[in-house]
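Peer 1: Give the three-dimensional model of this entry:
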Amino acid sequence: MKPEVSRNWDLGLDYDRTYREILARLEEYRGKRTATGRRSLAYTAVLLIQLRNGSRVSEAAEAALKWAETRLREVEVRVRKQRRHPETRLMIIPKQLSEQDRLDVLTQRHWLEGDLSRIEHFARRVFGWNTHSLRYAKISQLGTLGYPAQVIARITHHKRMEFILRYTSQKTADDILKKIE
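Peer 2: Residues are numbered from 1 along each chain as shown. Purely as a prediction, here's the structure:
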């Protein structure tokens, strides 16, 4: 299902609808035991982790691999774009990912390391959106739920809180405008 709004990297994805769409694809790939099916499952698992955590795709891929190796559902990954003072962030592995999914992710390790453009191409081809849109779907969801911009910035590890303020206030303003007669 293609999103209704297009704003370059932010496609205006609805968090809940996108979550359900990813889960449906995950279920589809679980039935495919081929190498391509397992790779598609691993990529889809990364996208689910990215959406759930509002992370960058590289952080989600690292979290998927750490989960696959350790079975831990809470893992720490390196925050990207933190050059001067490297930080880590907590990533939660969605409960919808099964033990078999973990094993399949582990077998696809070489596809999740290094060049992540494959995951980005997969997301565009299969779902019709770019991976960074998942990050902003989470930000929108948290804003809609009423979380303060400071908390959203800490969850998503945005360096500049003014971006979160501008983004969430614009989304709220757009939603109000749509509802006004």
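Peer 1: hang on, D101 packs against R38?
Peer 2: No. If you go by C-beta atoms under 8 Å, D101 and R38 don't touch, sitting 9.8 Å apart. C-beta coordinates here come from the backbone N, C-alpha and C atoms, glycine included.
Peer 1: Tell me which of the two has more neighbours.
Peer 2: D101 (24 against 21; other C-beta atoms under 10 Å).
Peer 1: so what does whichever strand or helix holds the more buried one touch, helix or strand wise?
Peer 2: D101 is part of helix 99-107 when elements are defined by DSSP states H and E. When contacts are defined as 3 or more C-beta pairs under 8 Å, 6 or more residues apart in numbering; DSSP states H and E, helix 99-107 packs onto helix 15-30, helix 35-53, helix 57-70.
Peer 1: want to try a markdown table for those, with mean pLDDT and distance to Q96 as columns?
Peer 2: Converted to a markdown table, the helices and strands packed on helix 99-107 look like this (pLDDT from 0 to 100; distance: least, C-beta to C-beta, whole Å):
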| stretch | mean pLDDT | distance to Q96 |
| --- | --- | --- |
| helix 15-30 | 97 | 6 |
| helix 35-53 | 96 | 7 |
| helix 57-70 | 96 | 13 |
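Peer 1: would you say Q150 is within a strand?
Peer 2: No. Looking at Q150 with DSSP: H, G, I helix; E, B strand; the rest coil, it is helix, so not inside a strand.
Peer 1: check contacts around it.
Peer 2: By C-beta atoms under 8 Å, 6 or more residues apart in numbering, the residues touching Q150 are M161.
Peer 1: Can you list the low-confidence ranges for the protein?
Peer 2: 1-11, 82-83, 167-173 (pLDDT under 70).
Peer 1: From the centre of it outward, give me the first residue you hit.
Peer 2: For the chain, the residue nearest the mean C-alpha position is Q50 (2.0 Å; C-alpha atoms, centre = their mean).
Peer 1: what does stretch 73-89 rub up against?
Peer 2: For stretch 73-89, the external contacting residues (C-beta under 8 Å, 6+ apart) are 53, 55-56, 58-59, 62-63, 66-67, 90-93, 95, 157, 159.
Peer 1: Just give the number of residues close to the residue lying closest to T156 once chain neighbours are set aside.
Peer 2: Of all residues not flanking T156 in the chain, G54 sits nearest, at 4.3 Å (C-beta to C-beta, 6 or more residues apart in numbering). For G54, the neighbour count with other C-beta under 10 Å is 25.
Peer 1: so G54 sits right up against R154, yeah?
Peer 2: No. Using C-beta under 8 Å as the test, G54 is too far from R154 to be in contact (10.7 Å).
Peer 1: What is the nearest of the contacts of stretch 73-89 to S117?
Peer 2: The closest of the contacts of stretch 73-89 to S117 turns out to be S58 (C-beta to C-beta; 10.9 Å).
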